[in-house]
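Visitor: no sequence for this one, just the structure:
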C-alpha cells in the first residue's frame, strides 16, 4: 500500500485542490479588504461548507453601540440589523 488517497497525483484532483486554494486566497483578500474599510481585523468563520465574516475587531467604546453589537469574548463586534438608539434619546432622535 504505497499510495494513499490524499497523496494522489491525478490531474483532476490536483486541479480541484489548486482551484480551492485560489478561491480561498481570493476570499481571504476580500476579508482583509473589508477589515481595512471598517478599520479593524475581521474574523473568519465557517459553518459547514460556508465561510463568512462574523465580526470586526473594533474598540469597545460605547459610541459604537448604536450600529455595532458589544464585543464578544474575542473582541469582535457584529453589525446590527437596525440601529439601537441611545438611552435617554428623545422620540424624534430615536426615529431618525
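Guide: Perfect, I can see it now. This is a predicted model, so every value here is computed, not measured. Numbers count the residues shown, from 1 in each chain.
Visitor: C-alpha only now, for contacts and for neighbours.
Guide: Noted.
Visitor: Would you check how far apart the closest residue to residue 42 other than its chain neighbours and residue 62 are?
Guide: Using C-alpha to C-alpha, 6 or more residues apart in numbering and skipping the chain neighbours, the partner closest in space to residue 42 is residue 56 (4.4 Å). Residue 56 sits 15 Å away from residue 62, going by C-alpha to C-alpha, to the nearest Å.
Visitor: same check, this time on residue 83
Guide: In this view, residue 83 and residue 62 are 13 Å apart by C-alpha to C-alpha.
Visitor: So for these two, which residue has more residues nearby?
Guide: Neighbour count, other C-alpha atoms under 10 Å: between residue 83 and residue 62, residue 83 has more, with 15 against 11.
Visitor: quick one: low-confidence ranges for this structure?
Guide: 1-6, 93-96 (pLDDT under 70).
Visitor: Now with 80, please.
Guide: 1-9, 46-50, 52, 54, 82-96 (pLDDT under 80).
Visitor: From the chain's centroid, how far away is stretch 49-61?
Guide: Distance of stretch 49-61 from the chain centroid (C-alpha atoms, centre = their mean, to the nearest Å) equals 4 Å.
Visitor: Which residues does that stretch contact?
Guide: The contact list for stretch 49-61 (C-alpha atoms under 8 Å, 6 or more residues apart in numbering) reads 31, 35, 38-46, 70-71, 75-79.
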